[in-house]
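*Asks:* sequence below, structure please.
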Amino acid sequence: MNKQAAYRHIENIAKPLSNYCNVEVHKFGVITSEDIGDNVENESIWVDGWDFTAWIIFNKSVSNAEIEKCKRFLSRDVYSKQINLSGSLVSKIYFGEGFQYFASNSISSTLHPSTSESQIGKLETKITIPAWVDNIVTQNMGGTYAPDYKKFARNLNLSYNEAKVYLATYGMRSFGEAKIIMSNLISNNAIRSSWSSEHQINILDFGSGTGGNLAAIIVAINEAYTTPPKLKILSVDGNENMLALQKDFLERIISHYNADVEIEYLHHRVTSLEDLMELASIADDDYHLITSFKCLSEIVSFPKIYYEFAKAISKRLHDKGILLILDVTTKDNLPQFNPILMNQELRSLERESSLKTLIPISCYLNSANCDVECFGQKQFLISHSLNKKYDISKVYYRALGHQSFVKQVHNRTSKGRFLIKWRYNLDGISQGDGVCKHCGDQTINIDAYYLKNN
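*Replies:* Reported below is the predicted structural model:
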């Protein structure tokens, strides 16, 4: 449903709702997927699982009983908050409308209390970009902040100047995501010790773009080790302008630590299965870390891209290596949401190979016998000097490795109620509102993305 049709739909709802609840409607409107992604306020009130979010402002502050009447009239959950209207406090409500893609409880801030989660660990997903990294992007490289989801949904043909915008806008998000995820991975004793025993850590990043996640990987490793290992990186992207900008960016990151890092920048476009197989043959090292951030969903020229990529590239995965695939949680023109496709395809690969899921932990425990159309999501809040407060990034990721290594990492696992879908509420608190269907009978909440130190 387009925005104009959505608005007419809410217009037809507003008056009957007003009569039913005996409260006057002052104003109403809609929030579509085109409106979200770059504004933390809009993100906070987006109701996951629906075509769009509707909002209605009443002319007074309504009671809990009246909110319950709204729920009964609409036959769905309603979120409400107080706002200032011409000097008076009035109520504004939000609810999902249009087609419901999947069931969600994401509009409530009290569904899953965090007390149990804090006892067993929870991945902190709020981060401020380090000032020195921020200065490199904004001051030294002239990056500008200009969010545009549609423009940057496909990036193979961006100019050099457009790449600078991408780095300062979306590259910063990738830095934040990768820094949090990598720091958590390296904090695990099994991973940390296995990599520290290596003379050199080999890294391959496919769809590396402007290098936000690679920069974070370099930073995370240099922060984690007193004497960091040498890093040898193969950075692969189909846009030469982005690779050129990335080279400038990463050289500045490396010089900050005077780190021992060797990087090969490979311009390679993947538009067919043959191109993917060629890449697997070019990558001639055994890699301790293979990553792909927000890239595979851009390759729509052949089906089962997550399966095909992981199958081809995992042939170059070290015995103690990690394959980390992260993507956006949109649907675009695909038959299903990216997280659902990723889960389906990587489950299939696990069942016919030596690979096993490391994260999410719920998938580590249940992938072998799971056929659920599962929608997972982590939300990250990334702050830097060019945005007003926080950028919110909705992604899903799976980390895999060879079975023997993954079992060594997971030498003990708590049983619990694994939370696989997370959101930030209006108070800026991360909460789980989606549970793995295989553990709904458990009572202790566990962040499925948090890897314990062991």
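
*Asks:* next, Ala368: secondary structure please.
*Replies:* The three-state assignment at Ala368 reads helix, by DSSP: H, G, I helix; E, B strand; the rest coil.

*Asks:* surely it meets Glu350?
*Replies:* Yes: at 7.3 Å, Ala368 counts as touching Glu350 under the criterion of CB atoms under 8 Å. Heads up, the C-betas are built off the backbone N, CA and C, glycines and all.

*Asks:* pLDDT weak spots in the stretch 51-200 of the chain?
*Replies:* By pLDDT under 70, the weakly predicted segments of the stretch 51-200 of the chain are 51, 99-120, 148-156.

*Asks:* what segments of it are strands?
*Replies:* Taking DSSP state E, counting those that start in this stretch as the criterion, the stretch 51-200 of the chain carries its strands at 79-85, 88-100, 126-128, 200-206.

*Asks:* residues in contact with the next helix-or-strand element following the last one?
*Replies:* So the one you mean is strand 200-206. Following strand 200-206 in sequence order, the next helix or strand is helix 212-224 (DSSP states H and E). Contact with helix 212-224 is made by 130, 133, 167, 170-179, 182-183, 186-187, 192, 201, 203, 205, 208, 228-229, 231, 233, 235, 246, 249-250, 253-254, 257, 259, 261, 289, 291, 293, 326, as judged by CB atoms under 8 Å, 6 or more residues apart in numbering.

*Asks:* could you give the separation between the terminal residues of stretch 364-375?
*Replies:* In terms of CA to CA, to the nearest Å, the two terminal residues of stretch 364-375 are separated by 16 Å.

*Asks:* identify each buried residue in that stretch, please.
*Replies:* Neighbour-count burial for stretch 364-375, counted by 16 or more other CB atoms under 10 Å, picks out 364-367, 370, 374-375.

*Asks:* ok, now stretch 127-146?
*Replies:* Of all the residues in stretch 127-146, those buried under the rule 16+ other CB under 10 Å are 127, 129-130, 133-134, 136-138, 141, 143, 145.

*Asks:* next, count neighbours for the nearest residue to Gly211 once chain neighbours are set aside.
*Replies:* Nearest residue to Gly211, sequence neighbours excluded (CB to CB, 6 or more residues apart in numbering): Gln246, at 3.6 Å. Number of residues near Gln246 (other CB atoms under 10 Å) recorded here: 26.

*Asks:* which ones are touching the nearest residue to Asn22 once chain neighbours are set aside?
*Replies:* Spatial nearest neighbour of Asn22, chain neighbours left out: Glu66 (7.8 Å); criterion: CB to CB, 6+ apart. With contact set as CB under 8 Å, 6+ apart, Glu66 has these partners: 21-23.

*Asks:* can you tell me which of the residues you listed lies closest to Gln442?
*Replies:* Cys21 (38.0 Å; CB to CB).

*Asks:* so for the strand or helix carrying Lys15, mean pLDDT?
*Replies:* Lys15 belongs to helix 3-21 when assigned by DSSP H and E. Confidence over helix 3-21 (mean pLDDT, whole number) is 84.
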